[in-house]
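Q: Next input, structure requested:
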Amino acid sequence: MNAFIKTMTEKAAASPCVIGFPEAGNADILKTAEQVAGMGIGTPLLMGNRDEIEKAARESGVNTQGFTYFDFTSEENRLGLAEEYTAKFDDFSAKAVARKSKSSLCCSLFLLKLGKCDCVAGGKDYSTGDVVFHAMSIVGLQEGVESASSLGIADFPDFEGPQGNMLAIADCAITAQPDSRDLAGIAISSADTVKTLLGWEPRVAMLAFSTCGSAEHETIDVIREAVAIVREKRPDIKCDGEFQLDSAIIPAVAAKKVPRESDVAGKANVLIFPNLHAGNIGVKLIQIFGRANAYGPVLQGFKLPVCDFSRSAPVDEMLGNVAMLVIRAAAARQA
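A: Purely as a prediction, here's the structure:
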């Protein structure tokens, strides 16, 4: 376990939560849940038949001490969940809740909304599209956020910035071609995430191929509009742009290229890519050539915390994702 994940797990263990795991038949999920329970990070709430899950756990050498269960395969349980849900919310009929709850992912999200768990960790078997679609449908987006997004945290061996060698980057996985409102929501979500998760004072740079009007293009107008929206909706967030990458993170370059005062230029710790092409390419460049460690992805923008694992993620990485999820859930619970 590296230092960052160790820090996250220790912080999570200080405020443990109940974590819904919809993919309880997956061996890596079971191994992650075992570590979550064993390290005191939280209480795993596994979706499915207890006997079947414990049989799968034994076959994988997993200790189920500390596990709890909700059997979504039981019609009685689904009908009871539907009755309880519709007594509190009116966005779905009882029939719809009972039907949707045949999916372990949807069932876990209904339980999350009811407060039966504090967060949901899925995506090992379910696709990112499934996780995002059903979370948007059942949990919903935060006020002021137009779309879900994904934030990564990376450390760079030879970089020194406001947070040492670490930077946060978004969106790297969800919104292909964000408009100005989408970009503003990504910036707001990212600022809130790094403040909750890492305790940083967010300095959010909106990246482009232009710095403060050095080039003109309709796509740059979208970025400038996004900055204005963030400042209007969340004046507490330090957000500026448009900036080229070097102007955002290198003080000497910012001093030459940025012809005005800025709380962000040259000292950004959160970088917002203009679209998913740039985000995906940027992450690959960071990992392949920058020798950086990347942590996440942190799925953000929802009213309640939801995690989307990478399907290829090893158990240690999944544990880190759950720890970050629990930290955010604890903060949401206390808000």
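Q: sec struct for the residue lying closest to A208 once chain neighbours are set aside, please.
A: Nearest residue to A208, sequence neighbours excluded (C-beta to C-beta, 6 or more residues apart in numbering): E242, at 3.8 Å. Yep, even glycine has a C-beta here, placed from its N, CA and C like the rest. Using DSSP: H, G, I helix; E, B strand; the rest coil, the structure places E242 in strand.
Q: which residues sit in contact with E242?
A: M206, L207, A208, S210, T211, C212, I220, I223, R224, V227 (C-beta atoms under 8 Å, 6 or more residues apart in numbering).
Q: thought G161 was touching K267?
A: Yes. In this structure, G161 is within contact of K267 by C-beta atoms under 8 Å, at 6.9 Å.
Q: so what sits against both of these two?
A: What both G161 and K267 touch, as defined by C-beta under 8 Å, 6+ apart, is the set I249.
Q: is it fair to say S247 lies in a helix?
A: Yes. Assessed by three-state DSSP, S247 belongs to a helix.
Q: Can I get stretch 195-213 as PDB, trimmed to CA atoms?
A: Taking Å, rounded to 0.1, in the frame of the first residue of the first chain, the C-alpha atoms of stretch 195-213 are listed here in PDB:
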ATOM      1  CA  LYS A 195     -11.500  20.400  -0.400                       C
ATOM      2  CA  THR A 196     -13.400  17.500   1.200                       C
ATOM      3  CA  LEU A 197     -11.000  14.800   0.300                       C
ATOM      4  CA  LEU A 198      -7.600  16.400   0.600                       C
ATOM      5  CA  GLY A 199      -8.200  19.600   2.600                       C
ATOM      6  CA  TRP A 200      -6.800  21.800  -0.200                       C
ATOM      7  CA  GLU A 201      -7.800  25.300  -0.900                       C
ATOM      8  CA  PRO A 202      -8.900  24.800  -4.500                       C
ATOM      9  CA  ARG A 203      -7.400  26.900  -7.200                       C
ATOM     10  CA  VAL A 204      -9.200  25.900 -10.300                       C
ATOM     11  CA  ALA A 205      -7.600  26.500 -13.800                       C
ATOM     12  CA  MET A 206      -9.800  26.100 -16.900                       C
ATOM     13  CA  LEU A 207      -7.300  24.800 -19.500                       C
ATOM     14  CA  ALA A 208      -7.200  25.800 -23.200                       C
ATOM     15  CA  PHE A 209      -4.800  26.300 -26.100                       C
ATOM     16  CA  SER A 210      -5.000  30.000 -25.300                       C
ATOM     17  CA  THR A 211      -4.000  32.100 -22.300                       C
ATOM     18  CA  CYS A 212      -6.100  35.200 -21.600                       C
ATOM     19  CA  GLY A 213      -7.000  35.900 -25.300                       C
END
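Q: Many thanks, I have nothing further to ask.
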